[in-house]
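Novice: Quick check, what structure comes out for this input:
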Amino acid sequence: MSLDLRIPMGLMFTFTGLILTVFGIRTNGDAALYAKSLGINANLWWGLVLLVFGILMFLMGRRQQMRLAEEPREPAEDGEVRRGH
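Specialist: Numbers count the residues shown, from 1 in each chain. A predicted model of the protein is given here:
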């Protein structure tokens, strides 16, 4: 069984994006915190970007895993070594 690398990476980015998004929402009214970024809530916006990216990575990895699971495997001939995709 081979694991598509996009699945754990997607989960990692989703989790990090979720933390940043929640922090950005909780500190949305703090003008002093966002004074250095010209009043832009960078935590909220980058959290949303990471959240969307992580979800897309996870879904693409899951789609590929399902596609590989549905694909019929050909039996190996004598002396032939078969490896996963």
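Novice: Within the helices and strands, which one has the residue nearest the centre of the chain?
Specialist: Centroid-nearest residue in the chain, with CA atoms, centre = their mean: Gly10, separated by 1.7 Å. Assessed by DSSP states H and E, Gly10 sits inside helix 6-26.
Novice: mean confidence for the helix or strand just after that helix?
Specialist: Sequence order places helix 42-70 as the next helix or strand after helix 6-26, per DSSP H and E. Averaging pLDDT along helix 42-70 yields 92.
Novice: mind listing what's buried in helix 42-70?
Specialist: Residues 43-44, 47, 50-51, 53-54, 57-58, 61, 65 are the ones in helix 42-70 that count as buried (16 or more other CB atoms under 10 Å). Glycine gets a C-beta too; all of them are placed from N, C-alpha and C.
Novice: got the CA positions of stretch 14-23 in CSV?
Specialist: The C-alpha atoms that make up stretch 14-23 are tabulated as CSV, following Å, rounded to 0.1, in the frame of the first residue of the first chain:
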residue,chain,number,x,y,z
THR,A,14,-5.4,22.4,6.9
PHE,A,15,-4.6,22.1,10.6
THR,A,16,-2.2,25.1,10.5
GLY,A,17,-4.7,27.2,8.5
LEU,A,18,-7.4,26.4,11.0
ILE,A,19,-5.2,27.6,13.9
LEU,A,20,-4.3,30.8,12.1
THR,A,21,-7.9,31.5,11.0
VAL,A,22,-9.2,31.0,14.5
PHE,A,23,-6.5,33.3,15.9
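Novice: Need the per-residue pLDDT for Leu3.
Specialist: So Leu3 comes in at 80 (pLDDT).
Novice: So what's the residue count around it?
Specialist: By the measure other CB atoms under 10 Å, the count of residues near Leu3 is 9.
Novice: residue contacts, it?
Specialist: By CB atoms under 8 Å, 6 or more residues apart in numbering, the residues touching Leu3 are Gln65.
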